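S.K.: Predicted model and sequence below, questions to follow.
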Amino acid sequence: MTNRAELTIADDTVALPPPKLDSQHLDRSLVSGIAWTGGTKWATQILSWAATLIVARILSPADYGLMGMAMVYLGLVTMISEFGLTASILRHRQLSEEQIARIGGFSVVMGLMIAGISVAISPLIARFYGEPPVAKIIALLSINFIFGSLGVLPRALLARDLAYPRLALIDGMTNLAQMVTMLVLAVLGFRYMALVFGSIVASGCGALLALRLRSHRLAWPSSFATIASALHVGWHSVVGRIAWYTYNTADFAVVGRVLGKQSLGAYTLGWEIATLPVERISSLVSSVTPGVFSAVQNDIPALRRYFLGVVEGLAFITLPAAAGLALIAGEFVPVVLGAQWLGAIVPLRLLAVYGGIRSIDTVTPQVLMYTGYSRQSMWYSVIAACVMPALFVLGTRWGVGGVATMWIIAYPVVVAPQYRLAFRVLQMSPRGYLATLWPALSSTAIMAMAVGAVMVALPRTMAPVARLAIEVLTGVLVYGGMIAWRHRARARAFVSIVREHAL
């Protein structure tokens, strides 16, 4: 491949090539990684919801408000603090032990710098909000940048080694430590500081566990030229994340500024319901795929096989869910949310369609990142960050529905160049990609027609709950029937892979 950044190796270090992994081992790592990560996330999520409800009954809205003010700044800076070093290590798997140690040292230096800057400007941020406690919250939570910098290297190495059970253990124990700390301190009357110390304890626990499970020495980042190429990948990742954050939140800012809080409330709820299910599934998968993609970055046929396999698996689950939600939004909102949320029907319906599109797009940037095209991937995100906000402003002419429609119309056009490059890298045609999606696409289309016919046939006098139940049942039965009838071989092959490698 041309256009790939070459890694500079110092004369005093030896970069040993990583061991070649067979496809069966990678298959097992991918499937078991998704299983371990998913199981841990869902188990801790249930406990987290329970703990949050208990803590919310003890604390006041003002306590959460103070934490929210601090997180506006901290959330953005957190995206920068890691500096994309995980992507750097996964992309450059031939890094020597000395180079890895220097990258780890660079991470710690970055963490200390960002922590110091955050403490220094915390009074200014508190003054902006007119809330002095915000300064103390930001200053204390700056410790997380130091803990985070210590945990970046071992976590990246665990991902490179495909040690997903260990990563799942770290995440599970981290969440558990946070929940216990919050609950105990909230009961003891620490108010908003319960949230602050819960976050600090979780970050410290995560760093200590990561260091325990995959220790690696650190070195001062001297001889910067020896790690410059790896850090370039990290820089591209950081800029891409910021650009993604910009255009992914611009619609909320535009709706709130132009259409007002009432419209923003309806749009926000529609977004959360429409994108949460498919985003949870796609984000779960995309948290595991970097290690596998980086392992086969020089084996294009294998990379293409994993890419298409992941896309097909996502499409089987997310496309019918997105289409079904778009269809039943009219009954779902009044039955589940209440009549006061009728304004959310239109954005929910449209954003559900976008959610389906977005769900199968999550792994495409990873292909570019781990095949030497991180710079191009970054610029695609920057272009989207420039174009999408302007289109959202244009969409406000037609209300929240116009803004949501811009996601459906404009987003595929904006990401089209990214797909063209990915297809070229993977040495595949758009037709081959469509053939992978065809079982899910065709079955979803038949399901949509069947549900639409049922919606027309059902009498309007029927109870809304009964209508909704019949529509959902129809969708499930028709989609499952289509897969079993027309695409049984593909479905069986997919299920057999999961069964064979899940444990």
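M.R.: That came through, no problem.

S.K.: what about stretch 210-228, start to end distance?
M.R.: Across stretch 210-228, the terminal residues are separated by 25 Å (CA to CA, to the nearest Å).

S.K.: Report the buried residues of that stretch.
M.R.: Of all the residues in stretch 210-228, those buried under the rule 16 or more other CB atoms under 10 Å are 210, 213-214, 218-219, 221, 223, 226-227. Heads up, the C-betas are built off the backbone N, CA and C, glycines and all.

S.K.: Check stretch 179-186 too.
M.R.: Neighbour-count burial for stretch 179-186, counted by 16+ other CB under 10 Å, picks out 179, 181-183, 185-186.

S.K.: Quick check: nearest residue in space to the most centrally placed residue in the chain, chain neighbours excluded?
M.R.: In the chain, the C-alpha closest to the average C-alpha coordinate belongs to S283, at a distance of 4.1 Å (CA atoms, centre = their mean). Across the structure, with CB to CB, 6 or more residues apart in numbering as the measure, the residue nearest S283 apart from its sequence neighbours is T362 (7.0 Å).

S.K.: Check V333 too.
M.R.: Distance criterion CB to CB, 6+ apart; nearest residue to V333, sequence neighbours excluded, is I345 at 4.9 Å.

S.K.: Report the contact partners of that neighbour.
M.R.: Applying CB atoms under 8 Å, 6 or more residues apart in numbering, we find I345 in contact with 270, 329-330, 333.

S.K.: from those residues, which two are the most distant?
M.R.: Taking CB to CB, the two most distant members of the contacts of I345 are G270 and G330; they sit 12.6 Å apart.

S.K.: Following the chain onward from whichever strand or helix holds L47, which element is next?
M.R.: Secondary structure here is read from DSSP states H and E; on that basis L47 sits in helix 23-58. Sequence-wise, the next helix or strand downstream of helix 23-58 (DSSP H and E) is helix 61-81.

S.K.: The next helix or strand after that next one: how far from the chain's middle?
M.R.: Following the chain from helix 61-81 toward its C-terminal end, the next helix or strand by DSSP H and E is helix 85-91. With CA atoms, centre = their mean, to the nearest Å as the basis, the distance from the averaged C-alpha position of helix 85-91 to the chain average is 17 Å.

S.K.: Over to stretch 269-289?
M.R.: 7 Å.

S.K.: ok, and what's touching that stretch?
M.R.: By CB under 8 Å, 6+ apart, the list of residues contacting stretch 269-289 from outside reads 30, 33-34, 37-38, 41, 164, 251-252, 306, 310, 313-314, 317-318, 321-322, 325-326, 337, 341, 344-348, 351-352, 354-356, 358-360, 362-363, 366, 400, 404.

S.K.: what about V239, distance to S374?
M.R.: According to CB to CB, to the nearest Å, V239 and S374 sit 10 Å apart.

S.K.: Which of the two has more residues huddled nearby?
M.R.: Taking other CB atoms under 10 Å, V239 and S374 do not tie; S374 has more neighbours (26 against 20).

S.K.: Show the contacting residues for the more buried one.
M.R.: S374 makes contact with 87, 91, 232-233, 236-237, 240, 368 under the criterion CB under 8 Å, 6+ apart.

S.K.: Same question for W398.
M.R.: T405.

S.K.: Name the nearest residue to V184, ignoring sequence neighbours.
M.R.: Once flanking residues are discounted, V184 sits nearest to A194: 8.0 Å by CB to CB, 6+ apart.

S.K.: Tell me, how many residues neighbour that neighbour?
M.R.: Around A194 there are 23 other residues, counting by other CB under 10 Å.

S.K.: If I look at it, what pLDDT would I see?
M.R.: In this model, A194 is scored at 92, pLDDT.

S.K.: same thing with the one 4 residues further on?
M.R.: The per-residue pLDDT reported for G198 equals 92.

S.K.: Could you list the residues in contact with the strand or helix carrying it?
M.R.: Of the helices and strands defined by DSSP H and E, G198 is found in helix 192-213. Contacts of helix 192-213 with the rest of the structure, by CB under 8 Å, 6+ apart, involve 55, 59, 62-64, 66-67, 133, 137, 140-141, 143-144, 147-148, 150-151, 154-155, 158, 163, 166, 169-171, 173-175, 177-179, 181-182, 184-186, 188, 190.

S.K.: what do you get for stretch 240-248?
M.R.: Under the criterion CB under 8 Å, 6+ apart, residues 76, 79-80, 84, 365, 374, 377-378, 381-382, 384-385, 387-389 lie in contact with stretch 240-248.

S.K.: where's it relative to the chain centroid, distance-wise?
M.R.: For stretch 240-248, the gap between its own C-alpha mean and the chain's C-alpha mean amounts to 12 Å (CA atoms, centre = their mean).

S.K.: how about low-confidence regions in the stretch 401-503 of the chain?
M.R.: The model of the stretch 401-503 of the chain has pLDDT under 70 over residues 491, 493-503.

S.K.: Kindly report the same for the stretch 251-400 of the chain.
M.R.: Low-confidence segments of the stretch 251-400 of the chain, defined by pLDDT under 70, span residues 276-280, 282.

S.K.: ditto for the stretch 101-250 of the chain
M.R.: Confidence mapping of the stretch 101-250 of the chain against pLDDT under 70 gives the ranges 224, 226.

S.K.: Could I have the CA atoms of stretch 247-266 written out in PDB?
M.R.: What follows is stretch 247-266 as a C-alpha-only set of coordinates in PDB (Å, rounded to 0.1, in the frame of the first residue of the first chain):
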ATOM      1  CA  TYR A 247     -21.000  17.700  14.400                       C
ATOM      2  CA  ASN A 248     -22.700  15.100  16.500                       C
ATOM      3  CA  THR A 249     -23.800  17.700  19.000                       C
ATOM      4  CA  ALA A 250     -24.400  20.700  16.700                       C
ATOM      5  CA  ASP A 251     -28.000  19.700  16.000                       C
ATOM      6  CA  PHE A 252     -28.900  20.100  19.700                       C
ATOM      7  CA  ALA A 253     -27.200  23.500  19.800                       C
ATOM      8  CA  VAL A 254     -29.000  24.600  16.700                       C
ATOM      9  CA  VAL A 255     -32.400  23.400  17.700                       C
ATOM     10  CA  GLY A 256     -32.100  24.900  21.100                       C
ATOM     11  CA  ARG A 257     -30.900  28.300  19.800                       C
ATOM     12  CA  VAL A 258     -33.300  28.600  16.900                       C
ATOM     13  CA  LEU A 259     -36.400  26.600  17.800                       C
ATOM     14  CA  GLY A 260     -36.400  26.900  21.600                       C
ATOM     15  CA  LYS A 261     -36.400  24.600  24.600                       C
ATOM     16  CA  GLN A 262     -39.700  23.000  23.800                       C
ATOM     17  CA  SER A 263     -38.600  21.800  20.500                       C
ATOM     18  CA  LEU A 264     -35.200  20.800  21.900                       C
ATOM     19  CA  GLY A 265     -36.900  18.700  24.500                       C
ATOM     20  CA  ALA A 266     -38.900  16.800  21.900                       C
END
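
S.K.: going forward can the numbers begin at 51, since that is how I track them
M.R.: I'll keep to 51 as the first residue from here, and by that count the last item is stretch 297-316.

S.K.: Check which residues of that stretch are buried.
M.R.: 297, 300-301, 304-305, 308-309, 313-316.

S.K.: I'd like those written out as JSON lines, with secondary structure added.
M.R.: Formatted as JSON lines, the entries for the buried residues of stretch 297-316 read as follows, by DSSP: H, G, I helix; E, B strand; the rest coil:
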{"residue": "Y297", "secondary structure": "helix"}
{"residue": "A300", "secondary structure": "helix"}
{"residue": "D301", "secondary structure": "helix"}
{"residue": "V304", "secondary structure": "helix"}
{"residue": "V305", "secondary structure": "helix"}
{"residue": "V308", "secondary structure": "helix"}
{"residue": "L309", "secondary structure": "helix"}
{"residue": "S313", "secondary structure": "helix"}
{"residue": "L314", "secondary structure": "helix"}
{"residue": "G315", "secondary structure": "helix"}
{"residue": "A316", "secondary structure": "helix"}
